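Chemist: Sequence and computational prediction follow.
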Amino acid sequence: MIDLFGDVRPARPRGSLLKWIGNKYRVAEQIVSYFPTNAERYLDVFLGSGAILATVAPSRGIGSDSFGPLIEIWKAVQSDPEKVKSWYEERWRFASAGDKRRTYEHIKASYNDQPNAADFLFLVRACYGGVVRFRKKDGYMSTPVGVHRPIAPEAFARRVDEWHVRVQGTEFRHADYVEVMAIAGEGDMVYCDPPYSDTQPILYGAQDFELSDLFRAIGECKNRGARVALSIDGTKKSGGRVCDVQIPTGLFEHEVIVDTGRSMLRRFQMTGRSLESEVVADRLMLTY
């Protein structure tokens with residue numbers, strides 16, 4: 001087996017690369033602290049923002065997602081970071097030169113006309129709270145522009161350089177999680193961060209997701225000797241509501257509560273009103 005972390009305690013990157021709803025960047029080190037320190041491979045099968053993958057920075061890993069433009073971004077970060085920087089800077093300068101909402105809508109229209117990594121990269125940095133929302137019938141991205149000013153190209157470039165180094169040991173695949181989890185075997189470590197079944201029916205990737213299928217895939221991984229960690233709905237409303245997610249008996253050995261902060265989805269829905277009562281906690285379920 002390989003040592004996932006070497007002699008250094010895993011530390012998250014200095015800044016997130018992509019803004020993303022459900023992003024685990026803030027709690028990445030806490031989550032990774034529950035991972036085994038040795039494994040044959042590390043598999044991250046709902047890659048999203050890549051926060052956990054970049055914190056592990058595995059010497060041998062697989063990062064996969066069913067969303068093509070996202071995997072295009074990660075492949076480019078790995079193989080051609082200068083191209084990623086130019087994608088972002090070109091659109092940032094275009095957006096900065098005109099009316100913020102109008103230029104954002106222009107870039108969004110370009111993406112919706114022909115989905116691509118370059119437009120999507122800027123959109124996730126500039127849209128409201130990283131709430132990547134797609135229309136189910138045709139995949140149209142509908143998220144409006146955010147109130148913030150997107151990160152400057154110079155600062156973004158420094159992040160690309162750091163993330164480029166951290167993903168060198170990873171193979172990126174455009175694939176469904178079931179396909180990738182099917183190859184996990186003895187000694188592998190698998191992390192699953194699926195769409196929240198309780199709150200994300202309109203968000204990226206969530207429309208056709210069935211939690212029962214994921215539980216089945218986790219059980220098969222466990223039977224083959226792979227270890228699996230799953231982030232899933234825990235409590236919302238600052239602990240006032242427990243999400244009723246039925247976990248199969250005997251599938252997991254341990255459960256950890258992870259405080260993930262205030263809900264960005266609720267911030268989007270409530271148009272910036274106070275979120276003191278909107279703190280969310282996830283359950284981190286471990287098969288080991």
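Modeler: Perfect, I can see it now.

Chemist: The closest residue to Met189 other than its chain neighbours and Val167, how far apart?
Modeler: The spatially closest residue to Met189, leaving aside those adjacent along the chain, is Ala39, at 4.0 Å (CB to CB, 6 or more residues apart in numbering). C-beta: built from backbone N, CA, C; applies to glycine. Taking CB to CB, to the nearest Å as the measure, Ala39 falls 17 Å from Val167.

Chemist: how about low-confidence regions in the chain?
Modeler: 2, 5-9, 197-208, 235-243, 262-279 (pLDDT under 70).

Chemist: the helices in it, which residues?
Modeler: Along the chain, counting by DSSP state H, helices occupy 28-32, 51-56, 68-79, 81-96, 100-113, 117-126, 153-166, 177-181, 211-223, 264-269.

Chemist: So for Leu18, which of those helices sits nearest?
Modeler: With CB to CB as the measure, helix 117-126 is the member of those nearest Leu18 (5.1 Å).

Chemist: Which elements pack onto the closest one?
Modeler: helix 68-79, helix 81-96, helix 100-113 (3 or more CB pairs under 8 Å, 6 or more residues apart in numbering; DSSP states H and E).

Chemist: if you set the cut-off to 10 Å instead, what comes out?
Modeler: If contacts are counted by 3 or more CB pairs under 10 Å, 6 or more residues apart in numbering; DSSP states H and E, helix 117-126 sits against helix 68-79, helix 81-96, helix 100-113, helix 153-166.

Chemist: quick revisit: can you lay out the helices of the chain as CSV showing mean neighbour count and distance to Val256?
Modeler: Output for the helices of the chain, formatted as CSV (neighbours: other CB atoms under 10 Å; distance: least, CB to CB, whole Å):
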stretch, mean neighbour count, distance to Val256
helix 28-32, 21, 8
helix 51-56, 26, 14
helix 68-79, 20, 27
helix 81-96, 18, 34
helix 100-113, 16, 37
helix 117-126, 23, 28
helix 153-166, 16, 24
helix 177-181, 19, 21
helix 211-223, 17, 16
helix 264-269, 18, 22
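
Chemist: re the thing from before, among the helices and strands packed on helix 117-126, which is nearest Val145?
Modeler: Here helix 100-113 is closest among the helices and strands packed on helix 117-126 (CB to CB), at 3.9 Å.

Chemist: Quick one: end-to-end length of stretch 22-33, please.
Modeler: Stretch 22-33 has an end-to-end distance of 19 Å (CA to CA, to the nearest Å).

Chemist: neighbours of Asn38, just the number please.
Modeler: By other CB atoms under 10 Å, 12 other residues sit near Asn38.

Chemist: Report the beta-bridge partners for it.
Modeler: Counting by DSSP bridges, Asn38 is bridged to Asp3.
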